[in-house]
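Asker: using only what follows, build the 3D model:
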Amino acid sequence: MNKAETEPFILAALEAAASGNWETVSIAEIAATADVSPRRAELAFADKRAVLREIAANLDRVVEANLEPDIQDPELPIRDRLFDVLMARFEAMAEHHAGYSALLRAAPRHPAEALDGIASVRTSMRAALEAAGVPAAGLCGQLRIEGLRAIFLSCLTTWLSDETQDLSFTMRALDARLKKADEAAQLLRL
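Answerer: Prediction:
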């Protein structure tokens, strides 16, 4: 599928999840809702795990496209740059809050999908570090990825219940966790 078909398909998948139909909806039904050829969708996505991977990859693309051009400015503290990247992610997810929430809440009932999600978050956190101009290679990079993943996942629980227009609860939680991580990184000289 091309980009013009993929984006509506992803939106239709998020809508299916939001409506509570994720567990029963087929790829062909998502394609029909998106006005995409069911055959092309089934060729592009072998199963719903593949759809979830594409939803995660699309979210990464949206976040990258919405970042400020100066996100890698070395004059800005790393903590501020990471805050901006992660908040861009939460804001992008907020546009389809019901769909993402439904998928996250369904994860415990679908271990294989949950494991894919964990791997996708790891990839996303590597991309977040790189977008902020923070090295993600080597042992220190692996520690940064895992630390940022822990921060993101811990803030995700706040985001799930954050009903404020500006995501102020999520912002506060993220800021507090990044502050603690920054203190630990300085102590460990990461």
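
Asker: can we go C-alpha only for contacts and neighbour counts from here?
Answerer: Will do.

Asker: contacts made by the longest helix along the chain with the rest, please.
Answerer: Longest helix in the chain by number of residues (criterion: DSSP state H): helix 138-161. Here helix 138-161 makes contact (C-alpha atoms under 8 Å, 6 or more residues apart in numbering) with 86, 90, 97, 101, 121-122, 125-126, 129, 135-136, 167, 169-170, 173-174, 177-178, 181, 190.

Asker: and residue 135, helix, strand or coil?
Answerer: coil (DSSP: H, G, I helix; E, B strand; the rest coil).

Asker: quick check, it in contact with residue 129.
Answerer: Yes: counting by C-alpha atoms under 8 Å, residue 135 touches residue 129, with 6.7 Å between them.

Asker: contact partners for residue 120?
Answerer: Residue 120 neighbours (C-alpha under 8 Å, 6+ apart): 53, 56, 57.

Asker: what do you get for residue 14?
Answerer: 96, 98, 99, 100.

Asker: quick one: which of those residues sit in helices?
Answerer: Those of the contacts of residue 14 lying in helices (DSSP H): 98, 99, 100.

Asker: which of these sits closest to residue 36?
Answerer: residue 99 (19.6 Å; C-alpha to C-alpha).

Asker: my guess is the closest one meets residue 21, correct?
Answerer: No: applying C-alpha under 8 Å as the test, residue 99 and residue 21 come out as separate, 10.3 Å apart.

Asker: what about these two, which has more around it?
Answerer: residue 99 (23 against 14; other C-alpha atoms under 10 Å).

Asker: report pLDDT for the nearest residue to the more buried one once chain neighbours are set aside.
Answerer: In this structure, residue 99 finds its nearest non-sequential neighbour in residue 18, 4.0 Å apart by C-alpha to C-alpha, 6 or more residues apart in numbering. Looking at residue 18, its pLDDT reads 96.

Asker: how deep is residue 18 tucked in, by neighbour count?
Answerer: Residues lying near residue 18 (other C-alpha under 10 Å) number 18.
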